[in-house]
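In: next come a sequence and a model predicted from it.
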2 protein chains.
Amino acid sequence: MQKRAVKIGIIGFGTVGRGVYRILTTNQEKLIQRVGIGLEIAGIAVRDLKKPRQISAPQDLFTADPWQLVNDPGIDIIVEVMGGTELARELVLQALRNGKSVITANKDLIAQHGQELFAEADAARVDLLFEASVGGGIPIIRPLKQCLAANNISQVMGIINGTTNYMLTKMTQEGSDYEEVLREAQAMGYAEADPTADVGGFDAARKLAILASIAFHTRITFDQVYVEGITRISAKDITYAREMGYVIKLLGVAKEHEGRVEVRVHPALVPQYHPLAAVNDAFNAIFVRGDAVGDTMFYGRGAGELPTASAVVADIMDAARNINLGNRGRISCTCYEQKEIIPIQEMEGKYYIRLRVLDKPGVLAAIASVFGQEEVSLRTVIQKETIGDKAELVLVTHYTKEGNVRQALRTIGAMTTVEEIANVIRVEGEEV
Amino acid sequence: MQKRAVKIGIIGFGTVGRGVYRILTTNQEKLIQRVGIGLEIAGIAVRDLKKPRQISAPQDLFTADPWQLVNDPGIDIIVEVMGGTELARELVLQALRNGKSVITANKDLIAQHGQELFAEADAARVDLLFEASVGGGIPIIRPLKQCLAANNISQVMGIINGTTNYMLTKMTQEGSDYEEVLREAQAMGYAEADPTADVGGFDAARKLAILASIAFHTRITFDQVYVEGITRISAKDITYAREMGYVIKLLGVAKEHEGRVEVRVHPALVPQYHPLAAVNDAFNAIFVRGDAVGDTMFYGRGAGELPTASAVVADIMDAARNINLGNRGRISCTCYEQKEIIPIQEMEGKYYIRLRVLDKPGVLAAIASVFGQEEVSLRTVIQKETIGDKAELVLVTHYTKEGNVRQALRTIGAMTTVEEIANVIRVEGEEV
């Protein structure tokens, strides 16, 4: 039986929900032409029916009971944009069991409960789409799953948190320090009152778990991602990095080495010539290296009402097309392998190390000798400013194992001539 | 009836054909796991059976008769990578009529005969996919058709020819002149003996016709694209541009203004802060602006054996999936509108103009007055080097109509004090 229109239930009417409503109602005619079947909003579930809305929508669309939408046999597609992982998980599971396709922008949900949800979607032969969960409006999930499907992907590296990229860009362009920029970002609404999810790297880690799972065809969860935030990055680090030809970015890095996978989020020195180095302000970008395609990059706005809604509506259109053609569950979960995670100590890379030491003869030699004992070879050693009897040393290592760097730093940190290991930042995006 | 494997016929075994063969045979197991059905090369048509191959493939796969593949009822998918537009058109049409899905990397074919071919694919309810025709391995066709489908796209702007981007990058980095770089590019195999298709902008124009057709949902053919190549770009222009904060790139530009469309390929001054400005060497990138998503960019290798084959194989996988699920012709041509093309004289923009004039009082005033009469206002006027009694003037206009600039230059070109209008280059990527 040919349907006249696909009916959509939206759960959550915050920023993204409003954006979805706005696009679906404003562009309705065009979208229908593009997708070949009507798209009709059948209901919107909100927490508080009395709360004033920033957008006018017919009052009879609203309900305070999301279960009503999830259990309504007339609804074909559930759009979950409420956030959170507990109620959202239960609602999505129920919707899938009820044979509805589900679109979500909820990275926490996918990164935490992806396996269970995809299994349910597979069993029900419906679509569970989540393009908006990573990179906002940037097409990245579908390109990874389809356009680059002929590749063995060896590397996914992304600037996937807009707040921290905005902050690091400001610090780079204005020379301001972390605390100052954070206050500014909070005042402008770019950072939340409790900024931990962003500046601590946890938001990026959730997105990286999703990207890595798709790229390497193995389920990677949030708790498997090694995470460091940007709270220790100082204006000094940024200046020293620039002098050596780098910018500092918060990166999500996922690499495969002979069937094992490393997944980590941390600030990194990126060479100025790397395509990711020019990604500034709140923009996001995801760099992907495949054995056939070589290097590719996907760039755009990683958040915001309309960019995120752009991705959600694209998913709605795809799900609607599949319903119209009797072809739901067309592309299901592609995690058909089980790959081991490489512990952070075993990762190999280059390291920027800033030390505060006593400015007297023999100190540098003693430090260099410790690195030598741990088989860490140094590429650059620069003595920066000297204040009183203290000097600042900036070292960059050659390619080496992280465990060895850590061991050397433990010894160096205990030396009486070393006042402080001020910072250690990984270098990414250079060839070995 | 469930098929065991999808059978593929490849027409043409040059660079791309070999790449497709290499990926399909090397990664066969993984690809099958990802797509859910076997992928089997059933035949390869070549012009000359006796020619030595750069890759070993079973001799019995080869045939000198492409019609044998196109008419073989056992073959499900035809991969057309032979190039050209006459025989390729006939073969593709016949394959579609015979109910086979077709994958092509042939931009000339799609830009010239797209309408006819898509109509045939629609009638036969099969897939006609062409991701590799623009931007090599960069995912751009599928992202435009699907991931950004919720948007009204206002602008597509791309570096879509690797040869000229390599040449302009060399000119920028080394200060060398056009002829020198062209010889170098030819010696390295980046440019062909007859480089016209690349340096004349025609290759980019074909790709732009394809991109614009998809972005604006209206059929745009190669001959509707305004084309200028890079042959007149000198080391001087590049230097002057840099001094003003620009780089020179060969751009394909497509914009929609109130239901009318401009499509043009020409060198352009791009501000250094624009994401396209950092796209160097043989890399390509396509910048897309949508009303919901904002600015996005897709970056990667626009040519080469494996990058292009990466896109072809992704299309094969999609077509195979559709055959497996009984769902061919899932997304057909989306040119459901008919939009008028804006003549180049009516386009509006900013212009860089380099003039050689007599170095004497009153000349600049006279030139400025001509621009004034044509309502072209000047943003910058810089007198560059003076040699003997000749001076070089560089002007940049404010936003204005191209017809007015042309009219002013006709008058200026006829002035006895003006020796030469040395170059006129459009400025792109700045906000109005």
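Out: Great, that's in hand.
In: and the strands in the stretch 1-150 of chain A, which stretches?
Out: Using DSSP state E, counting those that start in this stretch, the strands of the stretch 1-150 of chain A run over A:5-11, A:38-45, A:62-63, A:77-80, A:101-104, A:128-129.
In: pLDDT on the first one, on average?
Out: Taken as a whole, strand A:5-11 has an average pLDDT of 97.
In: next: the last one.
Out: When pLDDT is averaged over strand A:128-129, the result is 97.
In: re earlier: now distance to chain B and mean neighbour count too, for the strands of the stretch 1-150 of chain A, in JSON lines please.
Out: Every C-beta, even on glycine, is put in place using the N, C-alpha and C of the backbone. Output for the strands of the stretch 1-150 of chain A, formatted as JSON lines (distance: least, Cβ to the nearest Cβ, whole Å; neighbours: other Cβ atoms under 10 Å in any protein chain shown):
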{"stretch": "strand A:5-11", "distance to chain B": "13", "mean neighbour count": "24"}
{"stretch": "strand A:38-45", "distance to chain B": "10", "mean neighbour count": "20"}
{"stretch": "strand A:62-63", "distance to chain B": "23", "mean neighbour count": "16"}
{"stretch": "strand A:77-80", "distance to chain B": "13", "mean neighbour count": "29"}
{"stretch": "strand A:101-104", "distance to chain B": "12", "mean neighbour count": "28"}
{"stretch": "strand A:128-129", "distance to chain B": "11", "mean neighbour count": "26"}
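In: now the ones you listed in CSV, with distance to residue B:8?
Out: Output for the strands of the stretch 1-150 of chain A, formatted as CSV (distance: least, Cβ to Cβ, whole Å):
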stretch, distance to residue B:8
strand A:5-11, 34
strand A:38-45, 36
strand A:62-63, 50
strand A:77-80, 34
strand A:101-104, 31
strand A:128-129, 28
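In: so for residue B:258, which of those strands sits nearest?
Out: Ranking the strands of the stretch 1-150 of chain A by proximity to residue B:258 (Cβ to Cβ) places strand A:38-45 first, at 25.5 Å.
In: how far off strand A:5-11 does the closest one point, in degrees?
Out: Comparing the axes of strand A:38-45 and strand A:5-11 via axes from the mean of the first three to the mean of the last three Cα atoms, to 10 degrees yields an angle of 20 degrees.
In: by contact count, what packs against strand A:38-45?
Out: strand A:5-11, helix A:15-26, helix A:28-35, strand A:62-63, helix A:66-70, helix A:305-324 (3 or more Cβ pairs under 8 Å, 6 or more residues apart in numbering or on different chains; DSSP states H and E).
In: any chance you could map the strands in the stretch 151-300 of chain A?
Out: For the stretch 151-300 of chain A, the strands defined by DSSP E, counting those that start in this stretch occupy A:153-159, A:226-227, A:246-257, A:260-271, A:283-290, A:294-301.
In: only the buried residues of the strand or helix carrying residue A:369, if you could.
Out: Following DSSP states H and E, one finds residue A:369 within helix A:363-373. For helix A:363-373, burial by neighbour count (16 or more other Cβ atoms under 10 Å in any protein chain shown) applies to A:363, A:364, A:367, A:368, A:370, A:371.
In: do the same with stretch A:73-89
Out: So stretch A:73-89, judged by 16+ other Cβ under 10 Å, has buried residues A:75, A:76, A:77, A:78, A:79, A:80, A:81, A:82, A:83, A:88, A:89.
In: up against chain B, what does the stretch 1-150 of chain A have?
Out: By the rule Cβ under 8 Å from any Cβ of the partner chain, the part of the stretch 1-150 of chain A lying against chain B is A:19, A:23, A:27, A:30-31, A:33-35, A:131, A:137-139, A:142-143, A:146-150.
In: what residue ranges in chain A score low on pLDDT?
Out: The model of chain A has pLDDT under 70 over residues A:1-3, A:432.
In: how's it carved up into domains?
Out: With automatic domain parsing as the criterion, the domains of chain A are listed as A:5-137+A:305-324, A:141-301, A:344-427.
In: what sits against residue A:306?
Out: By Cβ atoms under 8 Å, 6 or more residues apart in numbering or on different chains, the contact set of residue A:306 is A:19, A:22, A:23, A:137, B:291, B:292, B:293, B:294.
In: quick check: of those, which has the highest neighbour count?
Out: In terms of neighbour count, residue A:137 stands highest of the contacts of residue A:306 at 32 neighbours, by other Cβ atoms under 10 Å in any protein chain shown.
In: got the contact list for that one?
Out: Contact analysis of residue A:137 by Cβ under 8 Å, 6+ apart lists A:300-302, A:304, A:306-308, A:310-311, B:290, B:292-294, B:296.
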